[in-house]
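Asker: only geometry, no sequence info:
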């Protein structure tokens, strides 16, 4: 094939490579084929930061509004899968509750209380797997709190989320969606309808329904999207940040000496290993970008992981450095009209969780018996994050 000859690095890229440790391959692509045809992805992969920004900013040429978009097939149209005026209509009712000040005022106390409770629960043990014990439960609790569903606790929200994610994953893999995804979505719909009927002030869903911009099925679809983003990527953010800090004792010492550096640790972790490694777009017209001739209808995958290690922007990009002055130029939350709505809340959760862990678990360190590294094609985080800490002797 002409494409294979034209893009030998992309054509030689394997799924295993992209799932396990994509960064060496992404660096090669970025330097030599910054927009490359990658057969195992069935589309183009964009790895250079300036080109990634171009794609994400130009929603008219590179759209999410395509029948192949897997999430929309499961939950229906939402802010994640429409563009232009429709996108603004779906997104607008949710914008205010997730602004920086609103997030700080509404969620700081809850997140601090929940993080402290989860860490206290494990403190006497001296060891734990932090994804399952702390990061995941915190993310689920905050999503449950933010949605304000009247008849669903964190456990119910997690079960719905797991089933809906499973159905989306099936479709992405070209298989029929498992039936429990539809059943979970029905239960979510019932809970959203009951919440809207109850008119509780605490729910962003009630405000969205009462804005009259969205019909009830659209509120349900956006609730599913908020649930998806708020659990998956936040859990990954927390796990990745803890992993990066504990794997770099010199940087951990800086945070112990100056807890104000926690924000820098969060940003640098987002840059080094974004919890969502890629975002998908579809070309609406023939376009040449980065030397590649993209055809209308082609899948264009933006590698946020690749863009975040662009040496043109980030000096020594593979190092974890809390003193880096420009880590906030990372693109972990995407860019353009589909910039992550929950970015401020995810940052708050990660910062608070990290402080709770470092404050309450003395000598926190990685478990040397269980080496770990982030994995995943789309969502990257350690499959398990086993840690140890010092438990004072009982007198």
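Answerer: Received, thanks. Treat the numbers as computed from the prediction; the structure is a model and nothing was measured.

Asker: Phi and psi next, for the nearest residue to residue 299 once chain neighbours are set aside.
Answerer: Using CB to CB, 6 or more residues apart in numbering and skipping the chain neighbours, the partner closest in space to residue 299 is residue 43 (2.9 Å). Using the backbone N, CA and C atoms, a C-beta is placed for each residue, glycine as well. When read as degrees, to the nearest 10, the backbone of residue 43 gives phi -170, psi -170.

Asker: Was I right to think residue 375 contacts residue 385?
Answerer: No. Using CB atoms under 8 Å as the test, residue 375 is too far from residue 385 to be in contact (11.7 Å).

Asker: secondary structure class for residue 384?
Answerer: At residue 384 the chain is in coil, as set by DSSP: H, G, I helix; E, B strand; the rest coil.

Asker: and it, how many neighbours?
Answerer: By the measure other CB atoms under 10 Å, the count of residues near residue 384 is 13.

Asker: What is the burial count for the spatially closest residue to it that is not a sequence neighbour?
Answerer: Excluding its sequence neighbours, the residue lying closest to residue 384 (CB to CB, 6+ apart) is residue 129, at 5.1 Å. Using other CB under 10 Å, residue 129 has 19 other residues around it.

Asker: likewise residue 36?
Answerer: Look at residue 36: counted by other CB under 10 Å, it has 26 neighbours.

Asker: Could you check how far it is from residue 125?
Answerer: Taking CB to CB, to the nearest Å as the measure, residue 36 falls 47 Å from residue 125.

Asker: same check, this time on residue 260
Answerer: Plainly put, residue 260 is 29 Å away from residue 125 if you go by CB to CB.

Asker: who's in contact with the residue nearest to residue 299?
Answerer: Counting by CB atoms under 8 Å, 6 or more residues apart in numbering, residue 43 makes contact with 37, 280, 298, 299, 300, 301.

Asker: contacting residues for the closest residue to the third one other than its chain neighbours?
Answerer: What that stands for is residue 298. Distances taken as CB to CB, 6+ apart put residue 283 closest to residue 298, at 4.8 Å, once the chain neighbours are dropped. For residue 283, the contact set (CB under 8 Å, 6+ apart) comprises 61, 62, 294, 295, 296, 297, 298, 300.

Asker: Surely the last one is within a helix?
Answerer: This points to residue 300. No. Assessed with three-state DSSP, residue 300 is strand; it does not lie in a helix.

Asker: could you list every residue that touches residue 128?
Answerer: 122, 134, 386, 387.

Asker: From the residues you listed, which land in strands?
Answerer: The strands, defined by DSSP state E, take in 386, 387 from the contacts of residue 128.

Asker: circling back to that earlier point, so the residue nearest to residue 384 bridges to which residues?
Answerer: For residue 129, the beta-bridge partners under DSSP bridges are residue 386.
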